[in-house]
Each structure stands twice: as structure tokens, then as C-alpha cells.
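**Student:** Need coordinates for the below:
(4 chains)
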Protein chains: 2
Amino acid sequence: MGVARVRDRPVYKQVADALRAAIRGGQLADGALLAPETELMARYGVSRNSVRNAVALLRAEGLVVTEHGRGTFVRARRPLRRLSSSRYSKAKREAAKQGMQVDQQLLGVEVVDPPQEVVDRLGLEPGEQVVLRRHLLSVGGEPVQLAGSHIPLDIARGTPIERFEKLQGGVHALLEHDLGHKLERFVEELTFRMPTPEEARQLGMGAGVPVVRLLRTLRHVLVYEMPAGDPVP
Amino acid sequence: MGVARVRDRPVYKQVADALRAAIRGGQLADGALLAPETELMARYGVSRNSVRNAVALLRAEGLVVTEHGRGTFVRARRPLRRLSSSRYSKAKREAAKQGMQVDQQLLGVEVVDPPQEVVDRLGLEPGEQVVLRRHLLSVGGEPVQLAGSHIPLDIARGTPIERFEKLQGGVHALLEHDLGHKLERFVEELTFRMPTPEEARQLGMGAGVPVVRLLRTLRHVLVYEMPAGDPVP
DNA sequence: GAGTGGTCTAGACCACCAC
DNA sequence: TGGTGGTCTAGACCACTCT
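**Tutor:** A predicted model of the protein is given here:
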């Protein structure tokens, strides 16, 4: 047994290659438990550190998640897909299959002092307040994304935006269709980071799983955060 | 000297904390060189492995980048920002400051067989072709993002979309304003992964820097990839 | 060649989970 | 209590960069 030990390819990457191939090939299915480190050491004839480096690589790639004391599991894929393709689809059969149930839950609507980054991007006056609307997105019953929208108070005042009620099509649709606003262009800033304990709780995920944070500035600002998705094959 | 060694906090995280604080606090400025591993070992009184774990953590957070044989550097921040706020800004002075120069370069326009994931999401017929428009986005002269837009051929045919020319406001604006299409809603799928050598070259980055891949399905599909951004403090 | 990070090993003890 | 992953050490050799 043992890993091929090809020259110019570190052993830990070769171990990672082998595991990755097993995952992509389906020998290790979604949610499957990887062999423990001790067995991988024996199977590939490498030290524990090399095994751990290999698994760390797969973890960084989002292919597996590790739980202390339990083991390392193949990460289930849960892509958001086929939500709106039916109207434009030429193959109508796709519409029937209609992927997983998507649900958006309104967590709260508040008037708050905006964080500095929002002040900067919206060009707000010092002290100017905004309406913050927070949502939790779920796919197939699993929470996957937190979203927070900041809308300047002078735009939101007197509209359904500042009330705790669901907006058909979201804030953007309301602004564009009912309030006569128009989207010109938008800017996005993407960051990785570790979730706060509160976020990890709301998203039902381990604290060690990185989240992606996307700050989108339109005419209004959309801030949302989601757990890292799974690579598409 | 030596790290505080607070209980219930691994030493490598404490070393990472110290370095992170120095970066956030400005003692280590953008682009600055971190002390070499040997010095960090001595300074904090820990093993090389612990130092390396600490630096790996900061790397995962996107705070630093490491170059083999040269050292570890504080990552320069290059957020996309203040591009379109002026029109809606109440503080017009923001407009004058106008961040960095943003440039979008059209790399190519081709008619191609779309990848399977695009076929799925657009509900294309087997064998149906699409127009692929590829762009390179730069901010302040630095390439930051690759974008590829797939447009079904029956939509693009006979429009400026299928020609090698810049579209004012992008494909979306053309569809919406000139071709009478309307954005209903969109779906996004986010993934992390390592860049291909070709992508690393085009983006002028190290092959070890992860990229974020965002697959956006509108009525048309936008695929684009960008290097991981830098965390906002 | 000197200095840097990259890889690898062997061994130890700790923390968490399940039975 | 046994098995799992988490942390830590000490030492070795390799690969890359700069001069």
C-alpha cells in the first residue's frame, strides 16, 4: 500500500488527491465518514501530520467538515438552483422537477445607527439613521444565508419598508416598481471570515466553518452573509 | 517575552491574535513584511509548528499572503467601493474623492457549447449554443475579477451582445433597456476553490490564493470569479 | 551561500464524543 | 473507557529567493 510518492508532489497533497477522487467519484458519498487519521496513516504510510495536512486541504476546499471527537465527513452539497429558470426555460420539464423548497423568513425590522462601512458607501450624514431589515434564507429546511438590508430613512419613511411585513419581491422590487427608483449599477465586496457565535447558531453550523460575506452597494445597500457553498464539480 | 499562554486558548491562536492586532492596529502596515518564523519562535517562545499554524490562520483569514523563500506580507486591501454612491449621496464631497479607477476590459466574445452547469440552470436544449462574453475587471490598475456571461443564442442573435464591442452598462442593461427584458429574481451559488494556473496568471496572483466563484443565474447567467477580498475590520 | 518558507517524521498529552 | 480529532514539541531535510 502507500501513496504513489510521485516526485515533485508533496505526499500530503497526494493523500488529498486520493481522498478528493474518492469523494468526486462517489466512493465517499455526501455525509460519509472518512477513515480516521490513524487508519489513513497506515493506509498511505505517512505520518499523522501529513494526514492532517491532507484533510486540512480538503477542508479549505470545502469538500469535508471535521467534528472534534467524531470524525471528518464529506460535506453535503446544497446548491441554490433552479429557482427561476422555468419562465425562461425552453425545456419545461425542468419546471416540474423544481429543486428544493426555498424559504425566506423576516427576522426583524429596526431603525438603527448604521455601521461605518454602510455610512461610507451610502454617503450618509453623520448621525443619519437607516432601516435595517434582516432575513434568514433556508433551502430545503436548512438555513443557509443571513441577509441584512440597510435603507436610508428618508427613502424608507412612510413605505412598507419600515414596517415589519414581508415585501413581495424584496426591497429592490418595491423600490423599482412602486417607488420609481431604478437600479443603475452596483458594487460588490467579497470577504471570507469565521462566523460570530451568533451567526453560527442562526445558520446551524460549526464555528470553524468559514462564511462568505458579501457587501453589495446598490442605490440601497444589501449586506448578507452565507456559509461557503460547495464546489460545483 | 513569550505569549501570554492564557488557559483555554491554544498558543498558536494567541500568536495569531498578537499578529492580527498588530495588523489591525497599523503597527504592521499594508504590504509590510512579517518577522520570519525563526524570530516569531523566539519572540513568543513556541515551536515552529505553532508559529506556522498561527500564520496559516491569518492566511485563511485573508490578512496575509506568504511567498516561498521571501516571507509573509500583510495583504494590501483593495475593496471595490464608492463607485456609484455619488448620485444618491447626500454628502456630495464623497463624489470628489472618488475611489480608485475601475476598468473593465472585454477579453473576448465567442459562440460556444456551454458547460453542463449552465445548461442545467438556463434549461437549454442539448446541443444549444450560447454567446460567451468574457471580461477582466481591474481596480486601480490591479486585476481583481474575471467575469464570463453566457447568453442563449436565440436571445443574443442579431444584437450587439454577439459582437465584439463594449456594451454600455453591461448585458443586463442592454437586455432590460433595449430588448425589453426584465429581471424577475436571481439565484446565486458561492464556492471557494483554488485558481487554475490560467486564472492565477490573468489575475496576477499566487496559485495558492483561493478564489471565490460566484455563479449567478438571472434570466441570463453570469459566471464570474474573483480573488478573495480582504475582511472589513 | 545565507535566509526564508515548505515538507515530513516521531512522539506526547489534551479535549471531545459515544458507548 | 476507547476512539476521535486538537495541540504542541524537537529535529531534519528540501525548495525557493536574493545577492
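
**Student:** for A:P10, phi and psi?
**Tutor:** For A:P10, the backbone dihedrals are phi -60, psi 150 (criterion: degrees, to the nearest 10).

**Student:** immediately after the lowest-mean-pLDDT helix or strand in chain A, which helix or strand?
**Tutor:** In chain A, no helix or strand scores lower on mean pLDDT, DSSP states H and E than helix A:93-97, which sits at a mean of 29. Sequence order places strand A:102-112 as the next helix or strand after helix A:93-97, per DSSP states H and E.

**Student:** Can you check which helix is longest in chain A?
**Tutor:** helix A:11-25 (DSSP state H).

**Student:** and it, what does it pack onto?
**Tutor:** helix A:37-44, helix A:48-60 (3 or more Cβ pairs under 8 Å, 6 or more residues apart in numbering or on different chains; DSSP states H and E). C-beta here means a position set from N, CA and C on the backbone, and glycine is covered the same way.

**Student:** Can you dump the C-alpha atoms of the helix or strand just after the last one in PDB for me?
**Tutor:** Tracing the chain past helix A:48-60, the next element assigned as helix or strand by DSSP H and E is strand A:64-67. C-alpha atoms of strand A:64-67 as PDB (Å, rounded to 0.1, in the frame of the first residue of the first chain):
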ATOM      1  CA  VAL A  64     -15.200  18.000   4.100                       C
ATOM      2  CA  VAL A  65     -16.100  19.200   7.500                       C
ATOM      3  CA  THR A  66     -14.400  17.900  10.700                       C
ATOM      4  CA  GLU A  67     -16.100  17.500  14.100                       C
END
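
**Student:** Quick check: mean pLDDT of strand A:64-67?
**Tutor:** Averaging pLDDT along strand A:64-67 gives 85.

**Student:** does DNA strand C sit close to it?
**Tutor:** Yes. Applying Cβ under 7 Å from any atom of the strand, one finds strand A:64-67 in contact with DNA strand C at A:E67.

**Student:** Pairing partners for that strand, with directions?
**Tutor:** Strand partners for strand A:64-67, identified by DSSP bridges, are recorded as strand A:71-74 (antiparallel).

**Student:** buried ones in the strand it pairs with?
**Tutor:** Neighbour-count burial for strand A:71-74 flags A:T72, A:F73, A:V74 (criterion: 16 or more other Cβ atoms under 10 Å in any protein chain shown).

**Student:** so who does the last one touch?
**Tutor:** This means A:V74. A:V74 sits next to A:I23, A:L28, A:A29, A:D30, A:G31, A:A32, A:L34, A:L63, A:V64 when contact means Cβ atoms under 8 Å, 6 or more residues apart in numbering or on different chains.

**Student:** Out of these, which is nearest to DNA strand D?
**Tutor:** Set against DNA strand D, the nearest of these by Cβ to the nearest atom of the strand is A:L34 (6.1 Å).

**Student:** do you know how far the closest one is from A:T66?
**Tutor:** Separation of A:L34 from A:T66 (Cβ to Cβ, to the nearest Å) stands at 9 Å.

**Student:** again with A:L58
**Tutor:** In terms of Cβ to Cβ, A:L58 sits 9 Å off from A:T66.

**Student:** A:V130 contacts A:L153, correct?
**Tutor:** Yes. Using Cβ atoms under 8 Å, A:V130 is in contact with A:L153, at 6.0 Å.

**Student:** More neighbours: the two, which one.
**Tutor:** Higher neighbour count among A:V130 and A:L153: A:V130, with 25 against 16, using other Cβ atoms under 10 Å in any protein chain shown.

**Student:** Do you know the pLDDT at that one?
**Tutor:** pLDDT for A:V130: 79.

**Student:** And the one 5 residues further on, by the same measure?
**Tutor:** Looking at A:H135, its pLDDT reads 74.

**Student:** Need the three-state assignment for it.
**Tutor:** The three-state label given to A:H135 by DSSP: H, G, I helix; E, B strand; the rest coil is strand.

**Student:** was I right about it contacting A:V109?
**Tutor:** No. Taking Cβ under 8 Å as the definition, A:H135 is not a contact partner of A:V109, at 10.1 Å.

**Student:** re the thing from before, how about the longest helix of chain A, does it reach DNA strand C?
**Tutor:** Yes. Applying Cβ under 7 Å from any atom of the strand, one finds helix A:11-25 in contact with DNA strand C at A:V11, A:Y12, A:K13.

**Student:** intersection of neighbour lists for A:L34 and A:T66?
**Tutor:** Any residue near both A:L34 and A:T66 by Cβ under 8 Å, 6+ apart counts here, and that gives A:V55, A:T72, A:F73.
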